[in-house]
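# After the sequence you'll find the predicted model.
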Amino acid sequence: MSKDRFFLEVALEEAEIALNDHTYPVGAVIVDQERNIIAKGRNRVHSHQDATAHAEIDAIRNAGSSIFNAKIEGEKFTIYTTVEPCLMCTGGILFAKMRRVVWLLNDGEGFGGYKKINGAGIFERKLNEVDVSDEPYADLKIKQHDLMRQWEENPNHVGNLRSTFKKGG
């Protein structure tokens, strides 16, 4: 479990970079069976003006051919992320054949989709092939929660953008 903590801390570092880039603070790390970091990713939605540039998708893209090689050779990759994956990222995780997903903060109130898809029985066979660990460390969960609170003050947060738009700014 201590290795999980290390990789979640790396994902948190990516989330902090995303926040400093004025975008949603989510980070992700992909690790192989030997616990080597294959790729890192962070949310880049605002910095790239790309609604699909989520941390998990960024990490999967950055993993490149390693993902395909793992699928062919049956390697088991783990993705660590700071927030429960959304619907799109859950699909990416399943298509990339990640065998384990670990995240710091559930997001049932927001766009978190992993648990919703699993609960609906959609892709049941594929989801049953993935080991999930959510919110394994209370202190790291609090750090991610703090980043989310900081994000609420960011000018790129949708609430702040809407306020600016309504004021004619």
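Yep, that arrived. All figures in this text were calculated on a predicted structure; none of them were measured in a lab.
# tell me, which helix in this protein spans the most residues?
helix 2-20 (DSSP state H).
# quick one: average pLDDT of that one?
Here helix 2-20 scores 95 as its mean pLDDT.
# Next up, the contacts around the nearest residue to residue 23 once chain neighbours are set aside.
Ranked by C-beta to C-beta, 6 or more residues apart in numbering and with sequence neighbours excluded, the top spatial neighbour of residue 23 is residue 46, at 3.9 Å. Yep, even glycine has a C-beta here, placed from its N, CA and C like the rest. Applying C-beta atoms under 8 Å, 6 or more residues apart in numbering, we find residue 46 in contact with 21-24, 156.
# List buried residues within these.
21, 23-24 (16 or more other C-beta atoms under 10 Å).
# now those residues in TSV, with distance to residue 147?
TSV is the format used below for those (distance: C-beta to C-beta, whole Å):
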residue	distance to residue 147
21	13
23	11
24	9
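# now, which of those sits nearest residue 53?
Distance ranking of the buried ones among the contacts of residue 46 against residue 53, using C-beta to C-beta, places residue 23 first at 8.2 Å.
# Look up how far residue 45 lies from the closest one.
5 Å (C-beta to C-beta, to the nearest Å).
# tell me the angle of the helix or strand harbouring residue 151 relative to helix 2-20?
Secondary structure from DSSP states H and E places residue 151 in helix 138-152. With axes from the mean of the first three to the mean of the last three C-alpha atoms, to 10 degrees applied, the angle from helix 138-152 to helix 2-20 works out at 10 degrees.
# For helix 138-152, list every residue counted as buried.
For helix 138-152, burial by neighbour count (16+ other C-beta under 10 Å) applies to 140-141, 143-144, 147-148, 151.
# Among those, which one lies nearest to residue 15?
residue 147 (5.5 Å).
# That closest one reaches residue 15, doesn't it?
Yes: assessed by C-beta atoms under 8 Å, residue 147 is found in contact with residue 15 at 5.5 Å.
# Residues that sit against both of the two, list them.
Residues touching both residue 147 and residue 15 by C-beta under 8 Å, 6+ apart: 25, 82.
# can you give me the helices for this protein?
Using DSSP H, the helices of the chain run over residues 2-20, 45-48, 55-63, 65-73, 87-95, 114-120, 124-128, 138-152, 158-166.
# So which of these is nearest residue 105?
With C-beta to C-beta as the measure, helix 138-152 is the member of those nearest residue 105 (4.6 Å).
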